[in-house]
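**Student:** Whatever this is, show me its structure:
(2 chains)
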Number of protein chains: 2
Amino acid sequence: MSTKITGYPKDGGFRMPGEFERHEGCWMVWPERTDNFRLGAKPAQKAYADVAHAISRFEPVTMLASKSQFSAARENLDPQIRLIEMTTNDAWVRDTGPTFVVNDQTGEVRGIDWRFNAWGGLVDGIYFPWDQDDKVARKICDIERKDYYSLEDFVLEGGAIHVDGEGTLIVTETCLLHESRNPHLSKEEIEDTLKNYLNLEKIIWLPEGIYLDETNEHIDNILHFIAPGKIVLAWTDDQSDPQYEMSLKAYNVLSAAVDAKGRKFEIFKLHTPEPILITEEESQGVDRIEGTLPRKAGDRQAASYANFYIANGAVIVPIFNDGKYDKLAIDTLKKAMPEHEIVPIYAREILLGGGNIHCITQQQPQGQIRGL
Amino acid sequence: MSTKITGYPKDGGFRMPGEFERHEGCWMVWPERTDNFRLGAKPAQKAYADVAHAISRFEPVTMLASKSQFSAARENLDPQIRLIEMTTNDAWVRDTGPTFVVNDQTGEVRGIDWRFNAWGGLVDGIYFPWDQDDKVARKICDIERKDYYSLEDFVLEGGAIHVDGEGTLIVTETCLLHESRNPHLSKEEIEDTLKNYLNLEKIIWLPEGIYLDETNEHIDNILHFIAPGKIVLAWTDDQSDPQYEMSLKAYNVLSAAVDAKGRKFEIFKLHTPEPILITEEESQGVDRIEGTLPRKAGDRQAASYANFYIANGAVIVPIFNDGKYDKLAIDTLKKAMPEHEIVPIYAREILLGGGNIHCITQQQPQGQIRGL
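**Tutor:** Coordinates of the predicted model:
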């Protein structure tokens, strides 16, 4: 039973938990778009399967796959991965799936079904149409028999928000204030909506995200809440890199800020990899189709180690075969999250599709009764 | 997590429970074949929805629908019906879904994935291909995270078997011994397989089922176990009806038999409705396609009130706008099952597709620990 709930989650005592809180499991979508992923998406499928298998060591994983790819996905996934048929437009469940909220008094979990428009709709969306992706959140809630909230008139992606679960949200202005999302709303109105749905007291706005990030610079590519008061921030020491100014601005905002509880942030800098460019061979493997963002040789990808997934007791982090910065990223995370196992996955093929491990995963929190 | 189990359910302490035992819920598939259901399947969809809504008063219902029909199904189903996308070839989950077995010591529930060949494969199957329908059982087990047994080389449909949950199975010879099912196996080998998978001590073979039943006369159209030792049997008093001899033969076998526990059967006769023929208008509404059994005007349908579904505390029984026998059927069931609510549903549009309420439903039993 999955019923549409009216009213705000906040008023019902629901909050969005931090990703580092306990999960019931994780959702993913099997990639197959040949106009986004090269070589019939086979290399990307391998990378997605690697991520699924890594996460499944720590929590249950459900993969969604289309009719045409269902049997292939089943063959390539270990039996512990639950596979369910679902039509989608692409494979970024962070942005298309529900944002789950929890009630700490009852242990109930509900979903939020935001409006999805492929990161920009007819203004600067990445593909057209996006009708099937806009149905994903509701479908997942129905599979899980979770009641859900549905916003008919508010565009948001899960990758555009990061919370600490204790009243603080961090977002980027480039994304949330972009004309392609909710141009009919003022910044204050957007804040009010987010506060009411995610149960927040404070929203921190970073000016920008990661250089050339096609999502209009989602927050989840530049930073990650790893605990209340603790943030991992994508960084570069190379002052000639356009990313330097962008990360510096973010750092300055975060350094000066306090969270909803009045705490200063502990910030761990996570150095970005050396610039990653699409090769000629990689570009040629992608179908060119009108209406889909092209993957051109030489284009720099928005690579960032901050785009990891926190599973129960583990961090699944992208690496890029970068001789210098892969190890630094792993070491930084080990230091920042000493109680988590750090699991690196080679993720270039995910990156080539426009995102990374955080973008292709969506945690379903475990409802727990607290403080009674 | 859904793992393929080797070995026999019987050896692991699993048995197929009677349909009258407690259910976790019920599965259905949304109909859409325009070469089987008339007028784009719209009238059938209405009837299926009526059945789903009726059952959902007593236990949770999950409806499976294709990509193309998903949104239409969602619009036509109340929110308490869980809707999950799944590709199928047609909409008879009794025959395509898993047969669930339970372990009374652990409470565990597992599925059995029989081979499905559209009621006869290339010999006398009803449509071609049937590849998607053959995947349904496994997919349902994966959605429910139930481990499953899979028989690569044994064709069976759930509608071809009726058990009392206490070691007794009743089947028809016309179906199980038909050359289109398992011609490579002897009757004894078929019995051994059924005994090992369903945990049986006794199999009772009826010679025939319902006249002109295109499933090769499935058992679930002629009788229903309503409790251990209690059977409802389709019957007619009209000696000129070919059904008379068929039901009489069944009655004679059952009257002379004892079940696995040595009990004689109490048999409730359920008179069939007046013959139901496809009208010219009904026939014309069905697409004629090579490879699919045609729906010709004047063809008599295999109508039987015994093709009902036992939900938790209720019986969902087909009626046919038959001025005489609808009421008789309802009254007979009220007498036979006084503790169940009898819920009649007008089901002509299901019947026109080749089956009835039992054929379009599949119970998922509730695992329970007993006798400890």
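**Student:** contacts and neighbour counts: CA atoms only from here.
**Tutor:** Noted.
**Student:** confidence score at the residue in the stretch 101-250 of chain A positioned nearest to chain B?
**Tutor:** Going by Cα to the nearest Cα, chain B is nearest to A:Asp142 of the stretch 101-250 of chain A, at 5.7 Å. On pLDDT, A:Asp142 comes in at 97.
**Student:** what's the answer for A:Met1, then?
**Tutor:** So A:Met1 comes in at 73 (pLDDT).
**Student:** Just give me the neighbour total for it.
**Tutor:** 19 (other Cα atoms under 10 Å in any protein chain shown).
**Student:** so it makes contact with A:Asp147?
**Tutor:** Yes - A:Met1 is within contact range of A:Asp147, at 7.4 Å (criterion: Cα atoms under 8 Å).
**Student:** what are the phi and psi angles of A:Asn252?
**Tutor:** phi -60, psi -40 (degrees, to the nearest 10).
**Student:** sorry, back to before: looking at this, the residue of the stretch 101-250 of chain A closest to chain B is in a helix?
**Tutor:** Yes - under DSSP: H, G, I helix; E, B strand; the rest coil, A:Asp142 falls within a helix.
**Student:** how about the residues of chain A that lie near chain B?
**Tutor:** Taking Cα under 8 Å from any Cα of the partner chain as the contact definition, chain A meets chain B at A:1-3, A:60, A:67, A:79-87, A:139, A:142-143, A:145.
**Student:** quick revisit: how close does the residue of the stretch 101-250 of chain A closest to chain B sit to B:Asn36?
**Tutor:** Note on A:Asp142: its distance to B:Asn36, by Cα to Cα, to the nearest Å, is 29 Å.
**Student:** try A:Gln364
**Tutor:** Separation of A:Gln364 from B:Asn36 (Cα to Cα) stands at 40 Å.
**Student:** how far is stretch A:279-289 from where the chain is centred?
**Tutor:** 25 Å (Cα atoms, centre = their mean, to the nearest Å).
**Student:** same question, stretch A:237-252
**Tutor:** Worked out by Cα atoms, centre = their mean, stretch A:237-252 lies 22 Å from the chain centre.
**Student:** Same check on stretch A:172-185?
**Tutor:** That offset, for stretch A:172-185, works out to 18 Å (Cα atoms, centre = their mean).
**Student:** I'd like the average pLDDT over that stretch.
**Tutor:** Averaging pLDDT along stretch A:172-185 gives 98.
**Student:** tell me which residues of stretch A:198-213 are tucked away?
**Tutor:** A:198-211, A:213 (16 or more other Cα atoms under 10 Å in any protein chain shown).
**Student:** before we move on, what about stretch A:313-322?
**Tutor:** Those buried within stretch A:313-322 under the rule 16+ other Cα under 10 Å are A:Gly313, A:Ala314, A:Val315, A:Ile316, A:Val317, A:Pro318, A:Ile319, A:Phe320.
**Student:** Point out where chain A drops to low pLDDT.
**Tutor:** In the predicted model, chain A carries pLDDT under 70 at residues A:371-372.
**Student:** if I look at A:Pro60, how far off is B:Ala336?
**Tutor:** 45 Å.
**Student:** cool, and A:Thr193?
**Tutor:** From A:Thr193 to B:Ala336 the distance is 57 Å (Cα to Cα).
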